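test case, fold it:
(chains A and B)
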Amino acid sequence: MTPPVELIPAQRQRLWGWQAVVNFTLGGVGAGLYGTAVVVAGFERGPSVVLASWLAPLLVLAGFAAVAGEAGRPLRGPRVLWNVRTSWMSRELWIGAAFVPLIVADIAFPLRLYRALALAAAVLLTLAQGMILRRSRGIAAWDAAVMPWLFLLSAAVSGSGAYMVLEVLAGRAVAPAVIKASLVLLAAALGLRRAYVFTPAGHAFRDATASLRDGWAGRVGVGVGTVIPLGALAVALASPAAAAPAAAMAGLGMVAGQAYFKTELILRAGLLRPITVPALRMSRRLS
Amino acid sequence: MARWGMVIDTRRCVGCQTCTIACKQEQGLPSGTAWRFVADCEVGEYPDVRRVFLPMQCMHCAEPPCVPVCPTGASRRRADGIVWIEYNACVGCGYCAVACPYHARHRVHEAPGYFSALTPSEVATAWPERHDVMTKCTFCKERVDDGLAQGLTPGVDPAATPMCSVSCIANAIIFGDLDDPASPVSKALGDGKAQPLMPECGTQPNVFYVVD
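Model (predicted):
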């Protein structure tokens, strides 16, 4: 099939920059950290859940604050809540606005119900962030059906990574089940990411995602964010004596790898679609 | 109710940018911002090379992806098909700009003048409410609405027609009611040569191009 004729090349979008990256990254880490802590604790209020209950809302709110600074009229911020019927940006803010008070309520009046609802909000928050990109039809690399699931898995990976780092810093042993689950999550995230970058979604998508697929950036991201953590987790499982530093190293790599992936996705792959026409007659016109 | 649309005949366009300047003047756009422009495109490989002038603007889509994503509801579509922005409701988040496949939306952080200080005419035509929010082509809706109120026919009477169409030296930009079979724009569409840009995006644009 003949590719369409490209009249105006793809251009880098310049409206969403590092602030958007910060929002997507901190939102993912915060939601993932809370989800991991709650699931590992079996919805009980252990010390890890207490720590995550303080950190996760701060991370999510810091992301919102960062992205608010990117808006042209940030003082009109509350208006973003308005169009929840169709806009995933509104939905993201509503979900975030539910996530934080639920955790605050759990801190003040501990209840498993609050934890379960906050966990659901955390999952929805990451899906909403993925859907924000999914609905960006002008950016070929973002307009992918797999995007919300990429964000969900990314949050799970970065959250479990942050969880392991915090456990080690707190002087607690990381449970082997957590390490095994992290191995599975890393492998799944790598598989989904490969499926995403190799999606046969057309010329514009292929060009926009080239750096994630074939470039130096993609290789470093996979190396630091996946291969090194996989190795470190294997060491942590095989050698209990080295488990703590290995788990911490894996956790750092997992957080850094997912942050790097989102940075590349927003800043480098964020190309406005080229303007194309189906066909052009190339022969000389008679005048 | 009319359904406003446009046919742009690129075979006629000579790339003079008169429509670009007419739009900037009519809308009082600051330097660095153009709601429409004529792309000077060179396509093909030697010796089969062509130069194509492609006027670009908002496509006023029937399924505009910019409208549902807007978190404040500031991006709207009228019953007559004109997609517009309520500046006082816009937060300037830029979501509509990344949702638009046609590079049609712009944000102006400040209104830089063409000289070291704003000229009297720049001061007179400044639109402070358009700073830091999203802006785009409006099909000159004020001209269209005022013209209709005076009993004029948009696309036929110049005073009721978007400035780009009025100013085009080659009559390459034809505006009018797509639902009126007698309108010039419907007649231009009638021969089947005009096509929307990138129909694969599913936006159902109301701006059509004749590209040969």
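
how about the residue most central in space within chain A, what does it touch?
Nearest to the mean C-alpha position of chain A, by Cα atoms, centre = their mean, lies residue A:151 at 4.0 Å. Counting by Cβ atoms under 8 Å, 6 or more residues apart in numbering or on different chains, residue A:151 touches A:24, A:28, A:126-127, A:129-130, A:133. (C-beta placed from N, C-alpha, C; glycine too.)

where does the prediction get shaky in the chain?
I went with chain A, as the question did not name one. For chain A, the stretches flagged by pLDDT under 70 are A:1-2, A:282-287.

my question was about chain B
For chain B (pLDDT under 70), the answer is B:111.

what are the ranges of the helices in it?
Secondary structure of chain B (DSSP state H): helices at B:18-27, B:66-69, B:95-99, B:120-124, B:141-149, B:163-167, B:184-190.

how far off centre is the third one?
Here helix B:95-99 is found 16 Å from its chain centre; the criterion is Cα atoms, centre = their mean, to the nearest Å.

by contact count, what packs against it?
Applying 3 or more Cβ pairs under 8 Å, 6 or more residues apart in numbering or on different chains; DSSP states H and E, we find helix B:95-99 packed against helix B:66-69.

ok, residues contacting the helix it packs on?
Residues contacting helix B:66-69 (Cβ under 8 Å, 6+ apart): A:83, A:86-89, A:135-136, B:75-77, B:83, B:95-97, B:99-100, B:105.

ok, back up a step: name the nearest residue to the residue nearest to the centre of chain A, ignoring sequence neighbours.
residue A:130 (3.3 Å; Cβ to Cβ, 6 or more residues apart in numbering or on different chains).

counting contacts, what elements does the strand or helix carrying residue A:54 pack onto?
If you go by DSSP states H and E, residue A:54 is part of helix A:47-68. Secondary-structure packing of helix A:47-68 (3+ Cβ pairs under 8 Å, 6+ apart): helix A:18-40, helix A:88-108, helix A:112-134, helix A:147-169.

relative to the whole chain's centre, how far out is the first one?
Centroid displacement of helix A:18-40 relative to its chain, using Cα atoms, centre = their mean, is 7 Å.

and the third one, by the same measure?
Using Cα atoms, centre = their mean, the distance from the centre of helix A:112-134 to the centre of the chain it belongs to is 12 Å.

alpha carbons only: can I get it in CSV?
The C-alpha coordinates for helix A:112-134 follow below in CSV (Å, rounded to 0.1, in the frame of the first residue of the first chain):
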residue,chain,number,x,y,z
ARG,A,112,-10.3,-1.3,55.6
LEU,A,113,-13.0,0.2,53.5
TYR,A,114,-11.1,3.4,53.1
ARG,A,115,-8.0,1.5,52.0
ALA,A,116,-10.0,-0.5,49.5
LEU,A,117,-11.6,2.6,48.0
ALA,A,118,-8.3,4.4,48.0
LEU,A,119,-6.7,1.4,46.2
ALA,A,120,-9.5,1.6,43.6
ALA,A,121,-8.9,5.3,43.2
ALA,A,122,-5.2,4.7,42.7
VAL,A,123,-5.9,2.2,39.9
LEU,A,124,-8.4,4.6,38.3
LEU,A,125,-6.0,7.5,38.6
THR,A,126,-3.3,5.7,36.6
LEU,A,127,-5.9,4.6,34.0
ALA,A,128,-7.2,8.1,33.7
GLN,A,129,-3.7,9.4,33.1
GLY,A,130,-3.2,6.9,30.4
MET,A,131,-6.6,7.8,28.9
ILE,A,132,-5.5,11.5,28.8
LEU,A,133,-2.8,10.5,26.3
ARG,A,134,-5.1,8.0,24.6
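
in it, what's buried?
Buried residues in helix A:112-134, counted by 16 or more other Cβ atoms under 10 Å in any protein chain shown: A:114-115, A:117-119, A:121-134.

one more: the second one?
For helix A:88-108, burial by neighbour count (16+ other Cβ under 10 Å) applies to A:88-96, A:98-100, A:102-103, A:105-106.

that older thread, of all the helices of chain B, which one is nearest residue A:266?
For residue A:266, the closest of the helices of chain B is helix B:95-99, at 9.9 Å, according to Cβ to Cβ.

excluding covalently adjacent residues, which one is nearest to the closest residue to chain A within chain B?
Chain B approaches chain A most closely through residue B:92 (2.3 Å), counting by Cβ to the nearest Cβ. Excluding the flanking residues, the one nearest residue B:92 by Cβ to Cβ, 6+ apart is residue A:72, at 2.3 Å.
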